[in-house]
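Enquirer: When you get a sec, could you give me coordinates for this:
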Amino acid sequence: MTDNKIDIDCLKTKAKELAFTSVGVGILAFQKAQVRRRELAEEIDREFPHAKAFVVKQVETTIGNAAMVLTSLINSRNDTQASK
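Expert: Sure, this is the predicted structure:
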């Protein structure tokens, strides 16, 4: 019976070690991905310095156009309801 007890204790210990190792490896992988993301962001900023400003301008223009269309649709709907 003591052999079974030792095996179960050993199994529990090994399972805990495996869990801790898995978490550690996961944390290291996440950190490495974050570092690589930062490196890529810096590289993109160096290679394409105006890209960020261009994208922001395009997004602002698109949002502005969408806002104008929505405003026009709302005003059109309000005019239709007011004439009824």
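Enquirer: alpha carbons only for contacts and neighbour counts from here, please
Expert: Fine.
Enquirer: shaky segments in this structure?
Expert: 1-4, 84 (pLDDT under 70).
Enquirer: just the helices in it please.
Expert: 2-47, 51-82 (DSSP state H).
Enquirer: Mean neighbour count added to those, as a markdown table?
Expert: Formatted as a markdown table, the helices of the chain follow (neighbours: other CA atoms under 10 Å):
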| stretch | mean neighbour count |
| --- | --- |
| helix 2-47 | 12 |
| helix 51-82 | 12 |
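Enquirer: next one: stretch 11-24 to chain centre, how far?
Expert: 29 Å (CA atoms, centre = their mean, to the nearest Å).
Enquirer: Can I get that stretch in CSV? Just the C-alpha atoms.
Expert: This file holds the C-alpha atoms of stretch 11-24, laid out as CSV (Å, rounded to 0.1, in the frame of the first residue of the first chain):
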residue,chain,number,x,y,z
LEU,A,11,2.2,11.7,-9.7
LYS,A,12,0.7,14.7,-7.9
THR,A,13,4.1,16.3,-7.6
LYS,A,14,4.8,15.7,-11.3
ALA,A,15,1.4,17.1,-12.3
LYS,A,16,2.0,20.3,-10.3
GLU,A,17,5.5,20.7,-11.9
LEU,A,18,4.0,20.2,-15.3
ALA,A,19,1.3,22.7,-14.7
PHE,A,20,3.8,25.3,-13.4
THR,A,21,6.1,24.6,-16.3
SER,A,22,3.2,25.0,-18.8
VAL,A,23,2.2,28.3,-17.3
GLY,A,24,5.8,29.5,-17.3
